[in-house]
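Participant: The following block contains a protein sequence and its predicted model.
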Amino acid sequence: MKLFPSQLNTKSEEFKKRHSHSLQLLTELNLRAKQVREASPAAVEKLQKRGKFPAREKIRRVLDPDCKPLEIGLFAAWDMYQDIPGGYPSAGTIVQIGRVSGKLAVVVANDPLVKSGAWVEITCKKNLRAQEIAMENRLPIIYMVDSAGVNLERQAEIFPDREHFGRIFRNNAKMAAMGIPQISVVFGFCVAGGAYLPGMSSELAMITEHSSMYLAGPFLVKAAVGQEVDSETLGGATMHNAISGVADYRFDKEEQAFEFIREQMALLNQPQPGLFQRAASEAPAYDPEELLGILPDNNSGTYDMREIIARIVDGSRFEEYKPEYGKTIVTAFARLGGYSVGIVANQGLAVKREMPPDHLGRPQPPQVQMGNVIYSDSANKASHFIMLCNERRIPLLFMHDVTGFMVGKQAESGGIIQDGAQFVNVQANSIVPKFTVVVRNSFGAGNYAMCGKAYDPRLIFAWPTAKLAVMDGGIAADTVLLTKKELSEKERAEFRKKLVDKYNAEASPYFISARMMVDGILDPRATRDTLITGLEMAAHNAELGEFRTGVLRM
C-alpha cells in the first residue's frame, strides 16, 4: 500500500479557519464532558465519610494503572429529565471498556450520587448496550452494583417491553450460556428486580454493612407481610454469605473488593485473541492534529475524505478499490493498529463521471456528481467491496458524510432503488465486525447503508460536527410547506424557521448521544485509538459464521 499524497495546505487561511472552528466545538465538548464527570464535592465528601468511593473512582481503581479506558455513553441522558433536580448525568451509570489484569473487560458501575442509582429508560438502554458489547465480542463484564432499582415514578418507560429492564436478566442468562464471565460486587443498594443481575452473575461479592440485596426492602416487607426487619438482617452481606448462600464473598472495605475483581480477572484462563492477524502497528505519517483543519466550518463545504483517512490509518497508507469508479464513495484497504480493515467512506467532494456515447455514438459531456450523495455506481462499488471484505474476513469501517441516495428521474430509471437495496443487503448480512464513525451528515437511507446504529456496528461514535436526521432540516421544511398552501408568507417563514430549528436540535450529536443512538462524541484526534480498541475487542470473538445475502435484485 502506498503513502497517500496529501494535498492539505496547513499554512492556508482556509485550513486555519477550519482548525479554529473545530477547536471551538471541542472546547464545548470538553466543558460539557467535565460537567458530566464532576460530581458535587459535598456529595462526594459525604460518600467518602461512609468509606465509599464515587463510581468513576471505583472503575479507576480496578483498571490497570496505564489503561486509558474507552467510555460508552458519557452523554447518555444529556439535557433530558429536566424535571429532576440535577438531571441524570450519564444516565446514572458509568460504562467503560478497559484492561483489568491485562485483559479487556466491560465495566458497568451504578452511580449512587444520581438518584441513589435508580434506573430510568436511558439507564436501561445504556446497560443493555454494555451487555451487547460484551456478548458480541465475548468480553468479561464486571458489574459494580449500587442501585435503588427502577425509578418508580417512571416505571412505564422501563418495565414491560422487550428492550426494558427484564432484558438485562435475559442477557445475564444468555451470557452465562455463552461462557462469558460476569463478576458482580454489590457496593450498596441492590433492590427488587435489580437483585437478579448480581444473582445471575458468575461470582458475587458484598461489602459488610454497606451492601444490601433483597427483592423487597424493610418498608415493603412490613406493608406486604407484616414483618418488621432491619436492612442488614433482611439482606446484608453477612446474611447472604453465611445463611442464604446467595453471595460468594464478603469484604469489609471497598478496596478489598477492587483487589478481588483484579484477582478474578487474572485467574481467567481464556484463549488469547487471535481471530485476526495483526502486524506491527505504525503511527500515521501525517499529524492527526491536522484532522481539525480538514472539515469545513459549515454543513455543505467540500473536502477530501481521503485526507481524513490518511491521518487515521497506519503509515497514512491505503489502497483504494475501484478509485476511478463510483467516486462519491471511497473504498480502501488499510491497516489500523496493525489490523487489516476495509474502509467505506462518503466523499466530501463533487466529482466528474465520464459518460458513454449516446445511442447514435455521439460523445456526452461528463456528469457532475454531488459529493456526499450515493449514486448507483457508488452503491454497486460499495456492495462489491463489502462482499470482498466478508470473503477475506476483514473488519469494516464506515465513515459517514452522506445526505442520502440520489433522487430524480434519471436516478430512478437507472435503478437506484435496487442498487441501494443491494448495498443495504450485503452490509446488513456482513459477518465481519463493523465500526462506524459519523464525521458530518448522516441522513435518510444513507445512514442505513453506511451501517447506522440499526445495523449492529460493534462501536458507533460521532464527531462534534455530526448531524443525524431523516434529511436536512431546510429540505424537510420546504417539503412540508408544499402541502401548506393556506399559510401567508409570514406564517410560512415562521413555520420554516421553527421546523429547521427543531431538526437542527434533534440532529445534534448531543441529542443523539443522550438517547444512545451513538456510543459517544469523539475528539477527531481520538478516532484512531478508539477504533484500535474496537478491533482489539472484536478479535476475542472467533465465531463469524457464513456470509450469505439471499436473493439480490440485480
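Facilitator: Great, that's in hand.

Participant: With residue 387 as the reference, measure out to residue 422.
Facilitator: In this view, residue 422 and residue 387 are 10 Å apart by CB to CB, to the nearest Å. Quick note: C-beta positions are derived from backbone N, CA and C, even for glycine.

Participant: Pick out whichever of these two has more residues nearby.
Facilitator: Taking other CB atoms under 10 Å, residue 422 and residue 387 do not tie; residue 422 has more neighbours (24 against 17).

Participant: What segments of the stretch 351-500 of the chain are strands?
Facilitator: Across the stretch 351-500 of the chain, reading from the start of the chain, the strands by DSSP state E, counting those that start in this stretch fall at 351-353, 367-369, 373-374, 396-402, 404-405, 434-443, 459-462, 467-469.

Participant: can those go into CSV with extra columns for mean neighbour count?
Facilitator: Below are the strands of the stretch 351-500 of the chain laid out as CSV (neighbours: other CB atoms under 10 Å):
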stretch, mean neighbour count
strand 351-353, 14
strand 367-369, 14
strand 373-374, 24
strand 396-402, 27
strand 404-405, 22
strand 434-443, 26
strand 459-462, 25
strand 467-469, 22
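
Participant: could you dump those strands to a markdown table with mean pLDDT?
Facilitator: Putting the strands of the stretch 351-500 of the chain into a markdown table (pLDDT from 0 to 100) gives the following:
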| stretch | mean pLDDT |
| --- | --- |
| strand 351-353 | 79 |
| strand 367-369 | 80 |
| strand 373-374 | 94 |
| strand 396-402 | 97 |
| strand 404-405 | 94 |
| strand 434-443 | 97 |
| strand 459-462 | 98 |
| strand 467-469 | 96 |
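
Participant: a markdown table please, covering these and showing distance to residue 62.
Facilitator: As requested, the strands of the stretch 351-500 of the chain are exported to a markdown table (distance: least, CB to CB, whole Å):
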| stretch | distance to residue 62 |
| --- | --- |
| strand 351-353 | 50 |
| strand 367-369 | 51 |
| strand 373-374 | 44 |
| strand 396-402 | 30 |
| strand 404-405 | 44 |
| strand 434-443 | 26 |
| strand 459-462 | 22 |
| strand 467-469 | 34 |
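
Participant: Residue 461 reaches residue 517, doesn't it?
Facilitator: No - using CB atoms under 8 Å, residue 461 is not in contact with residue 517, being 11.2 Å away.

Participant: what sits against the residue nearest the centre of the chain?
Facilitator: With distances taken as CA atoms, centre = their mean, residue 519 lies nearest the centre of the chain, 2.2 Å away. The contact partners of residue 519, by CB atoms under 8 Å, 6 or more residues apart in numbering, come to 72-73, 129, 459-461.

Participant: redo that, cut-off 6 Å
Facilitator: By CB atoms under 6 Å, 6 or more residues apart in numbering, residue 519 lies in contact with 72, 459-461.

Participant: Determine how far the lengthiest helix in the chain lies from the middle of the whole chain.
Facilitator: Secondary structure of the chain per DSSP state H: the longest helix is helix 13-37. Using CA atoms, centre = their mean, to the nearest Å, we find the averaged C-alpha position of helix 13-37 to lie 20 Å away from the chain's own average C-alpha position.

Participant: Can you report phi and psi for the nearest residue to residue 182 once chain neighbours are set aside?
Facilitator: Ranked by CB to CB, 6 or more residues apart in numbering and with sequence neighbours excluded, the top spatial neighbour of residue 182 is residue 201, at 4.1 Å. Its backbone dihedrals place residue 201 at phi -80, psi 170, with angles given as degrees, to the nearest 10.

Participant: Verify the contact between residue 201 and residue 181 for me.
Facilitator: No - Residue 201 lies out of contact with residue 181 (CB atoms under 6 Å); the separation is 8.8 Å.

Participant: got the contact list for stretch 254-274?
Facilitator: For stretch 254-274, with CB under 6 Å, 6+ apart as the criterion, the contacting residues are 53, 61-62, 100-101, 103, 142, 181, 183, 185, 205, 251, 539-540.

Participant: Of all the residues in it, which ones are buried?
Facilitator: Taking 16 or more other CB atoms under 10 Å as the neighbour-count basis, stretch 254-274 is seen to contain the buried residues 254, 257-258, 260-262, 264-265, 273.

Participant: Tell me which helix or strand comes right after the longest helix of the chain.
Facilitator: Read in the C-terminal direction, the helix or strand following helix 13-37 is helix 41-49, with elements assigned using DSSP states H and E.

Participant: And the strands in the stretch 51-200 of the chain?
Facilitator: In order along the chain, the stretch 51-200 of the chain carries the following strands (DSSP E, counting those that start in this stretch): 70-72, 93-100, 103-110, 141-147, 182-191.

Participant: returning to that earlier point: want to throw the buried residues of stretch 254-274 into JSON lines with pLDDT, secondary structure and distance to residue 164?
Facilitator: JSON lines is the format used below for those (pLDDT from 0 to 100; DSSP: H, G, I helix; E, B strand; the rest coil; distance: CB to CB, whole Å):
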{"residue": "254", "pLDDT": "97", "secondary structure": "helix", "distance to residue 164": "30"}
{"residue": "257", "pLDDT": "98", "secondary structure": "helix", "distance to residue 164": "29"}
{"residue": "258", "pLDDT": "98", "secondary structure": "helix", "distance to residue 164": "31"}
{"residue": "260", "pLDDT": "98", "secondary structure": "helix", "distance to residue 164": "31"}
{"residue": "261", "pLDDT": "98", "secondary structure": "helix", "distance to residue 164": "28"}
{"residue": "262", "pLDDT": "98", "secondary structure": "helix", "distance to residue 164": "33"}
{"residue": "264", "pLDDT": "97", "secondary structure": "helix", "distance to residue 164": "30"}
{"residue": "265", "pLDDT": "97", "secondary structure": "helix", "distance to residue 164": "30"}
{"residue": "273", "pLDDT": "70", "secondary structure": "coil", "distance to residue 164": "33"}
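
Participant: Please convert the contacts of residue 519 to TSV, extending it with distance to residue 545.
Facilitator: Formatted as TSV, these follow (distance: CB to CB, whole Å):
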residue	distance to residue 545
72	25
459	20
460	21
461	26
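
Participant: For residue 24, state which of these is nearest.
Facilitator: Using CB to CB, residue 461 is the member of the contacts of residue 519 that sits closest to residue 24, with 19.8 Å.

Participant: ok, what's across the strand from the closest one?
Facilitator: Here residue 461 sits in beta bridges with residue 437, going by DSSP bridges.

Participant: ok, it - contacts?
Facilitator: The contact partners of residue 461, by CB under 6 Å, 6+ apart, come to 437, 518-520, 522.

Participant: and if you look at residue 335?
Facilitator: residue 314.

Participant: What strand or helix carries residue 232?
Facilitator: Using DSSP H and E, the element containing residue 232 is helix 231-235.

Participant: list the helices and strands that helix packs on?
Facilitator: If contacts are counted by 3 or more CB pairs under 6 Å, 6 or more residues apart in numbering; DSSP states H and E, helix 231-235 sits against strand 212-214.
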